[in-house]
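Q: Show me the folded form of this:
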Amino acid sequence: MKWLNKRTDGLAISSFIFRCYQIINTLSLNFSRFSTINISLERADVSFNQKIKNIAKLFAVYLAAALVLNIPLQLIDNLIINRFFDFSFYQQLEGNALKIASRYGDYAIFYIVLLGPLLEELLFRLPLSLEKIGIGVSFALISYRLSLNHVLIGMEYNNAYWYVKLGIALCIFFLTVRFLPRSWLTTIKKNYLQRCLYFSSAAFALVHITNFAPYNSDLILFYPVFVLPQFLMGIFIGYARLKYGFFYGVALHSLINLPFAIIHL
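A: From the prediction side, this is the model:
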């Protein structure tokens, strides 16, 4: 009977994967329609108090949306991933939270709530202004960050290789500022700013797949599904960044990370 149970499980998995394919295909067919929805991204000329109130509203709306989105993700994780693959995305997430606590020690909450959001905003949302300096800073940080294993010990003053990494990052910054055509940025800002927001949010979400390391190659198609909350988060923060300014986006990011830090640390 074991072979029959395996066959039944295999058919269930195949049926589920086919259903996922249908859903993804439907989403891809409708993405162009979704991307044409006009969202006003012009800077809002409102008072400081009003900006704070709007950031609080965005935080509340995102929190509600993330909780709703978490329901089907929990069901998929418990009823399908855990049952058929003996794996759990949420257990991986908790495990990585413990690794962060172990790695950064007393600085863990500082990293998750303050330093992490600031670094990620510099990487993903600062360039949304489509200004040379912002894009140059982002590119330089990306090149520098890719060569690091640990943010807080990245400044190795006694290591010659550190100066090479820093020099490469500075070169990338100056080359971007010097040679990136301003006309390109003007055209993109005028016609494709909303798509830049979606692209930035997608990149932000995909980077957070690292939260689920070590990876399970059998579940490669599921990883993008489980970073949908980060994609939604990127849209909310990007909207706040463009409407109210860079540091308001950082503030919203910190607020969103705060519950995670309180629960898992």
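
Q: switch to C-alpha atoms for all contacts and neighbour counts from now on
A: Noted.

Q: Could you pull up the residues touching residue 202?
A: Residues in contact with residue 202 (CA atoms under 8 Å, 6 or more residues apart in numbering) are 231, 234.

Q: Backbone dihedrals for residue 47, please?
A: Residue 47 adopts backbone torsions of phi -70, psi 170, taken as degrees, to the nearest 10.

Q: Pull the number of nearby residues for it.
A: Residues near residue 47, counting by other CA atoms under 10 Å, number 10.

Q: Please tell me how far it sits from residue 185.
A: Residue 47 sits at a distance of 29 Å from residue 185 (criterion: CA to CA, to the nearest Å).

Q: do residue 242 as well
A: 15 Å.

Q: Between the two, which is the more surrounded one?
A: Using other CA under 10 Å, the more surrounded residue of residue 242 and residue 185 is residue 242, with 22 against 17.

Q: dump the residue contacts of that one.
A: Counting by CA under 8 Å, 6+ apart, residue 242 touches 41-43, 128-129.

Q: Need the per-residue pLDDT for it.
A: Note on residue 242: pLDDT of 96.

Q: Next: residue 219.
A: Predicted confidence (pLDDT) for residue 219: 93.

Q: ditto for residue 16
A: 48.

Q: repeat for residue 41
A: 84.

Q: give the contact list for it.
A: Contacts of residue 41 (CA under 8 Å, 6+ apart): 194, 239, 242-243.

Q: at 6 Å instead, please
A: Going by CA atoms under 6 Å, 6 or more residues apart in numbering, residue 41 touches 242-243.

Q: Look at it and give its secondary structure.
A: Each residue gets one of three states, and residue 41 gets coil by DSSP: H, G, I helix; E, B strand; the rest coil.

Q: again with the one 5 residues further on
A: Of the three states, residue 46 takes coil under three-state DSSP.

Q: what number of residues lie near it?
A: 10.

Q: which ones are touching it?
A: No contacts exist for residue 46 under CA under 6 Å, 6+ apart.

Q: Next up, phi/psi of it, please.
A: Dihedral angles of residue 46 (phi, psi; degrees, to the nearest 10) stand at phi -130, psi 170.

Q: Give the other helices and strands that whatever helix or strand residue 251 lives in contacts.
A: Using DSSP states H and E, residue 251 sits in helix 246-264. Contact here means 3 or more CA pairs under 6 Å, 6 or more residues apart in numbering; DSSP states H and E; on that basis helix 246-264 packs against helix 116-124, helix 228-244.

Q: distance between the longest one and the chain's centre?
A: It stands for helix 228-244. Relative to the chain's own centre, helix 228-244 is displaced by 9 Å; criterion: CA atoms, centre = their mean, to the nearest Å.

Q: quick one, phi/psi of residue 130?
A: According to degrees, to the nearest 10, residue 130 has phi 50, psi 40.

Q: Relative to residue 193, how far out is the residue nearest to it when sequence neighbours are not counted?
A: The shortest distance from residue 130 to any non-neighbouring residue, by CA to CA, 6 or more residues apart in numbering, is to residue 185 (5.8 Å). Residue 185 is 10 Å from residue 193, where distance means CA to CA.

Q: Equivalent analysis for residue 248, please.
A: From residue 248 to residue 193 the distance is 19 Å (CA to CA).

Q: Can you list the buried residues in the helix holding residue 251?
A: By neighbour count with 16 or more other CA atoms under 10 Å, helix 246-264 contains the buried residues 246, 248-257, 261.

Q: Dump these into JSON lines; add pLDDT and distance to residue 207 as well.
A: Shown next, in JSON lines, are the buried residues of helix 246-264 (pLDDT from 0 to 100; distance: CA to CA, whole Å):
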{"residue": "246", "pLDDT": "96", "distance to residue 207": "20"}
{"residue": "248", "pLDDT": "97", "distance to residue 207": "22"}
{"residue": "249", "pLDDT": "97", "distance to residue 207": "18"}
{"residue": "250", "pLDDT": "98", "distance to residue 207": "18"}
{"residue": "251", "pLDDT": "97", "distance to residue 207": "20"}
{"residue": "252", "pLDDT": "98", "distance to residue 207": "19"}
{"residue": "253", "pLDDT": "98", "distance to residue 207": "15"}
{"residue": "254", "pLDDT": "97", "distance to residue 207": "18"}
{"residue": "255", "pLDDT": "97", "distance to residue 207": "20"}
{"residue": "256", "pLDDT": "97", "distance to residue 207": "17"}
{"residue": "257", "pLDDT": "95", "distance to residue 207": "16"}
{"residue": "261", "pLDDT": "87", "distance to residue 207": "19"}
